[in-house]
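1. the following block contains a protein sequence and its predicted model.
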Amino acid sequence: MKNSALTQTLLFKIVLFFVGVLLASFLAIGAIVVDRHYTMLVEQMRGSLAVMAEDIVYHDLVHIEDTNLMHELMMREVYHSQAMATRYEGLDMRVTQTPPPFEKNSIYVARPIEGETVLYIWASDAPIMRDVSRYMLYITIAFALIATLMVITLIGYLLHLFRPMRCLVAFCHDFDPQNGVKPSCEGSLEIAQLQNAIVTLLDENKALCNKERDIFKEAAHELKTPLAILKSRLGLYKERDSYEKARFIEEAQEDLDTIVLRLQELLFLKNIEMEMRSKKVSMDILMQCDTLQSAFRPIVEKKELMMTPVRKGSFTIHTHEKALGRVLLAIFENIFIHAQSKSTIEVTIDAQERTLTIVNTIATHDDDKLFSSSIGTQIIERLSERLGYTYTTQTKGEFFITQLRFEEH
């Protein structure tokens, strides 16, 4: 029902627009054609009256009184004139030195004779107007027939064109994700592109739903153990009087920290998955690092850290900008977590090796941990293949080294 209503509404709008354009064109062109036809008839009538005037002058009838001039013209059956005299309505003529009072809508000619004497012949334009009215009726009927034929042809053609669209609309309306049947609607190149876009959108939506389901499964799996431990700890605290309250609170807090950590990691992954649906763009790694260092400047000043940039050129990477930016943010954040206060952090960018290397001094006291995204190494390594980098870490004495090596694109 919705499918039919949609196509009918679209069909009605197209046909209405077509009829409007057709009618406007008819009015514009028709006005020009009718005006030319009227002008042609007037010129023909003036030509006939001019011929009649020449006949009168040629046969020397100008000296006859005006009241007898028409009668004399008819009696003599002058060439051309008799037929013309019976053809026109309100035909009259006069030889005078001043223009006679013509009736309204009259067409006249003036033939100079001698001096200021002029022969005026005029007639009513009523026959011309009747002819123009008939002409307008004929072209209106012809237009109506042609327009009707064109509209019928257009409707048939549109119904043929809309058949694939109706197929796609019906598919989108009745699609059942369980059977996974894809549309097969034949049509133009645009219809094929629209069909491919719909199928791609459905595939992406299905993949997104699967990822959402996997995240919930992973969340249930990751939280199962710490929640079970916390539940058991609560049971022990309830059953054993020997279980000290301070010890219970400390251990329960560790369990809660573990749960919060797992949830943060899963939320981080979910955000990354969403951002990786966007198109890849070129990103300058030097500019990205400078932006991150500027963002962490308040922390750097609070911990009295010294940033030492080592620049061996720069390079661009073709990747999901927001997703990789979130990963780099987590890496920088974790580095500041473990950096010893009043120490030096060295950030090296090597364009030839396409590497980003960060060296920091490891903190020796928990008090140095100002904040934490709690995104662990496993999560960052898990995303490396999809974002096009290799992630490695190592400890050398009191120094912690983090390196990202980006793939060529």
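-> Structure's in. What do you need?
2. from here on, just use CA atoms for contacts and neighbour counts.
-> Fine.
3. tell me where the stretch 151-300 of the chain has helices.
-> 189-239, 245-275, 285-295, 297-303 (DSSP state H, counting those that start in this stretch).
4. make JSON lines out of those helices and add mean pLDDT.
-> Below are the helices of the stretch 151-300 of the chain laid out as JSON lines (pLDDT from 0 to 100):
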{"stretch": "helix 189-239", "mean pLDDT": "75"}
{"stretch": "helix 245-275", "mean pLDDT": "77"}
{"stretch": "helix 285-295", "mean pLDDT": "86"}
{"stretch": "helix 297-303", "mean pLDDT": "84"}
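5. adding mean neighbour count and distance to Asp60, write those out as a markdown table.
-> Listed next are those as a markdown table, based on neighbours: other C-alpha atoms under 10 Å; distance: least, C-alpha to C-alpha, whole Å:
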| stretch | mean neighbour count | distance to Asp60 |
| --- | --- | --- |
| helix 189-239 | 14 | 80 |
| helix 245-275 | 16 | 104 |
| helix 285-295 | 15 | 106 |
| helix 297-303 | 14 | 116 |
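6. any idea how far Ala197 is from the residue nearest to Leu159 when sequence neighbours are not counted?
-> What sits nearest to Leu159 in space, not counting adjacent residues and going by C-alpha to C-alpha, 6 or more residues apart in numbering, is Leu11, at 7.9 Å. Going from Leu11 to Ala197 by C-alpha to C-alpha, to the nearest Å gives 23 Å.
7. and for Phe162?
-> From Phe162 to Ala197 the distance is 18 Å (C-alpha to C-alpha).
8. go on, Thr225?
-> Computed as C-alpha to C-alpha, the Thr225 to Ala197 distance reads 43 Å.
9. pretty sure Arg262 sits against Leu223.
-> Yes. Between Arg262 and Leu223 there is a contact at 7.1 Å, judged by C-alpha atoms under 8 Å.
10. could you pull up the mean pLDDT of the helix of greatest length in the chain?
-> In the chain, with assignment by DSSP state H, the single longest helix is helix 2-58. In this model, helix 2-58 carries a mean pLDDT of 85.
11. begin at 36 from here
-> Right, with 36 as the first residue, what we last looked at is helix 37-93.
12. okay, domains of this protein per the record?
-> If you go by automatic domain parsing, the domain ranges for the chain are 37-164, 224-309, 314-441.
13. re the thing from before, can you name every helix or strand that the longest helix of the chain contacts?
-> Helix 37-93 is packed against helix 116-122, strand 141-147, strand 153-159, helix 161-209, with contacts defined by 3 or more C-alpha pairs under 8 Å, 6 or more residues apart in numbering; DSSP states H and E.
14. the same query, at a cut-off of 7 Å, please.
-> Packing contacts for helix 37-93, counted by 3 or more C-alpha pairs under 7 Å, 6 or more residues apart in numbering; DSSP states H and E, involve strand 141-147, helix 161-209.
15. how about TSV for these, with mean pLDDT and mean neighbour count added?
-> What follows is the helices and strands packed on helix 37-93, written out as TSV (pLDDT from 0 to 100; neighbours: other C-alpha atoms under 10 Å):
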stretch	mean pLDDT	mean neighbour count
strand 141-147	89	17
helix 161-209	87	15
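16. turn the ones you listed into TSV, columns for distance to Leu236.
-> Shown next, in TSV, are the helices and strands packed on helix 37-93 (distance: least, C-alpha to C-alpha, whole Å):
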stretch	distance to Leu236
strand 141-147	74
helix 161-209	11
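17. so who does the closest residue to Phe434 other than its chain neighbours touch?
-> Closest residue to Phe434 apart from its sequence neighbours, by C-alpha to C-alpha, 6+ apart: Thr396 at 4.6 Å. Neighbouring residues of Thr396 by C-alpha atoms under 7 Å, 6 or more residues apart in numbering: Ala374, Gln375, Ser378, Thr379, Glu433, Phe434, Phe435.
18. write the ChimeraX selection for whichever of these are buried.
-> Restricted to buried positions by 16 or more other C-alpha atoms under 10 Å, the ChimeraX selection for the contacts of Thr396 reads:
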select :374,375,378,379,434,435
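19. which ones among the contacts of Thr396 lie within strands?
-> Using DSSP state E, the subset of the contacts of Thr396 located in strands is Thr379, Phe434, Phe435.
20. of those residues, closest to Asp238?
-> Phe435 (42.8 Å; C-alpha to C-alpha).
21. the closest one reaches Ile393, doesn't it?
-> No. Taking C-alpha atoms under 7 Å as the definition, Phe435 is not a contact partner of Ile393, at 8.2 Å.
22. stretch 66-78: which residues count as buried?
-> Val68, Val69, His72, Tyr73, Leu76, Val77.
23. what does it contact?
-> Ile163, Val167, Met171.
24. and the first one, what does it touch?
-> This means Ile163. Applying C-alpha under 7 Å, 6+ apart, we find Ile163 in contact with Leu76.
25. mind running it again at 10 Å?
-> His72, Tyr73, Thr74, Met75, Leu76, Val77, Met80, Tyr123, Arg169 (C-alpha atoms under 10 Å, 6 or more residues apart in numbering).
26. and which of the contacts of Thr396 is nearest Ser317?
-> Phe435 (29.5 Å).
27. for Asp290, see how far away that closest one is.
-> 27 Å.
28. and if you look at Leu302?
-> 19 Å.
29. same thing with Ala63?
-> 84 Å.
30. thinking again about what came up before, the residue nearest to Leu194: neighbour count?
-> Neighbours of Leu46 under the rule other C-alpha atoms under 10 Å: 17.
31. do the same with the one 10 residues further on
-> For Val56, the number of neighbouring residues by other C-alpha under 10 Å comes to 12.
32. please name the residues that touch it.
-> Shown in contact with Val56 (C-alpha under 10 Å, 6+ apart): Val50, Leu62.
33. what do you get for Ile307?
-> With C-alpha under 10 Å, 6+ apart, Ile307 has these contacts: Leu301, His355, Lys357, Ala358, Leu359, Gly360, Arg361, Val362, Leu418.
34. ok, it to Val204 distance?
-> Relative to Val204, Ile307 is positioned 33 Å away (C-alpha to C-alpha).
35. cool, Ile233 as well?
-> Taking C-alpha to C-alpha, one finds Ile233 at 10 Å from Val204.
36. same check on Tyr155?
-> Distance from Tyr155 to Val204, by C-alpha to C-alpha: 75 Å.
37. same check, this time on Glu300
-> For Glu300 relative to Val204 (C-alpha to C-alpha), the value is 40 Å.
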